[in-house]
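S.K.: heads up, no residue letters with this:
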């Protein structure tokens, strides 16, 4: 990767949003200065996660990111953010179509979250899970931007469910091939991604029981019950507790 100030026309940057927010391929100091601007990060994320090749209208962007400002000031803030991105990543990283539309060039900026979606949708599941290092933009929040927050919550949930579906598909495939070690590992990963869903919990426990890992099934249940109590002040359903008791009794 090369820096935005380099003369090479094929500079490519990595925008990581899964498990944390990072920008590589550019000087660390300049990357940190850019990522310290929360609205700029929000703009980069929204453009990066848009369907490939789809331009986004400026009026949509200002409504998401600067709802507290009137139209003229919001557009000025967007222009400033665009200038900051182009100043760090180069003019070709952020492409305009006319005066009203913007696109984060996938040829210039590689985004792990966007690539994860492409891989998961095309059933390249092992590679997809390699990219899914954790929740999308963990802890990121823009105060006063409720619509952006709703969008980000939906994106987080969609990514987590895609990761869970990929892990489960690999678990089932491994079980069918009698690769019980991999099946168990993938089943447990499912619970990392969708830990609040008791249907997922019971399905995971049943697979672990089938492949002979009763202790693992009970551990998954106990971890779930502990976390449910600590974070949601709740208890597992009667159905889940009955399944756990049945596994304990063999």
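M.R.: Perfect, I can see it now. Everything quoted here is computed from the prediction, not taken from an experiment.
S.K.: Tell me, please, the helix or strand in the protein that averages the lowest pLDDT.
M.R.: strand 94-97 (a mean of 92; mean pLDDT, DSSP states H and E).
S.K.: can you list the residues that contact that strand?
M.R.: By Cβ atoms under 8 Å, 6 or more residues apart in numbering, the list of residues contacting strand 94-97 from outside reads 47, 55, 82, 85, 86, 102, 103, 104, 105. (Glycine included, C-beta is placed from N, CA and C.)
S.K.: Now those in JSON lines, please, with extra columns for pLDDT and secondary structure.
M.R.: Shown next, in JSON lines, are the contacts of strand 94-97 (pLDDT from 0 to 100; DSSP: H, G, I helix; E, B strand; the rest coil):
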{"residue": "47", "pLDDT": "97", "secondary structure": "helix"}
{"residue": "55", "pLDDT": "95", "secondary structure": "coil"}
{"residue": "82", "pLDDT": "97", "secondary structure": "helix"}
{"residue": "85", "pLDDT": "97", "secondary structure": "helix"}
{"residue": "86", "pLDDT": "95", "secondary structure": "helix"}
{"residue": "102", "pLDDT": "96", "secondary structure": "strand"}
{"residue": "103", "pLDDT": "95", "secondary structure": "strand"}
{"residue": "104", "pLDDT": "95", "secondary structure": "strand"}
{"residue": "105", "pLDDT": "93", "secondary structure": "coil"}
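S.K.: can you put those in a markdown table and add neighbour count and distance to residue 189?
M.R.: Output for those, formatted as a markdown table (neighbours: other Cβ atoms under 10 Å; distance: Cβ to Cβ, whole Å):
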| residue | neighbour count | distance to residue 189 |
| --- | --- | --- |
| 47 | 24 | 30 |
| 55 | 16 | 36 |
| 82 | 17 | 39 |
| 85 | 22 | 34 |
| 86 | 15 | 39 |
| 102 | 21 | 36 |
| 103 | 17 | 34 |
| 104 | 24 | 30 |
| 105 | 16 | 33 |
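S.K.: Output those as a markdown table; include the columns distance to residue 200.
M.R.: Putting the contacts of strand 94-97 into a markdown table (distance: Cβ to Cβ, whole Å) gives the following:
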| residue | distance to residue 200 |
| --- | --- |
| 47 | 32 |
| 55 | 37 |
| 82 | 41 |
| 85 | 38 |
| 86 | 43 |
| 102 | 38 |
| 103 | 36 |
| 104 | 33 |
| 105 | 37 |
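S.K.: Could you list the buried residues of the least confident helix or strand of the chain?
M.R.: The neighbour-count check on strand 94-97 (16 or more other Cβ atoms under 10 Å) flags 94, 95 as buried.
S.K.: Mind listing the strands it pairs with, and their directions?
M.R.: In the sheet, strand 94-97 lines up against strand 101-104 (antiparallel) (DSSP bridges).
S.K.: what's the very next helix or strand once past the strand it pairs with packed up against?
M.R.: For strand 101-104, the following helix or strand on the C-terminal side (DSSP states H and E) is strand 109-111. Other helices and strands packing on strand 109-111, by 3 or more Cβ pairs under 8 Å, 6 or more residues apart in numbering; DSSP states H and E, are strand 13-16, helix 38-48.
S.K.: Now find how far off-centre strand 109-111 is within its chain.
M.R.: What separates the centre of strand 109-111 from the centre of its chain is 14 Å, taken as Cα atoms, centre = their mean, to the nearest Å.
S.K.: measure the residue lying closest to residue 236 once chain neighbours are set aside to residue 185 for me?
M.R.: Ranked by Cβ to Cβ, 6 or more residues apart in numbering and with sequence neighbours excluded, the top spatial neighbour of residue 236 is residue 225, at 5.2 Å. The gap separating residue 225 from residue 185 is 21 Å, by Cβ to Cβ, to the nearest Å.
S.K.: Give me the residue at the spatial middle of the protein.
M.R.: Geometric centre of the chain, nearest residue: residue 136, 2.9 Å, by Cα atoms, centre = their mean.
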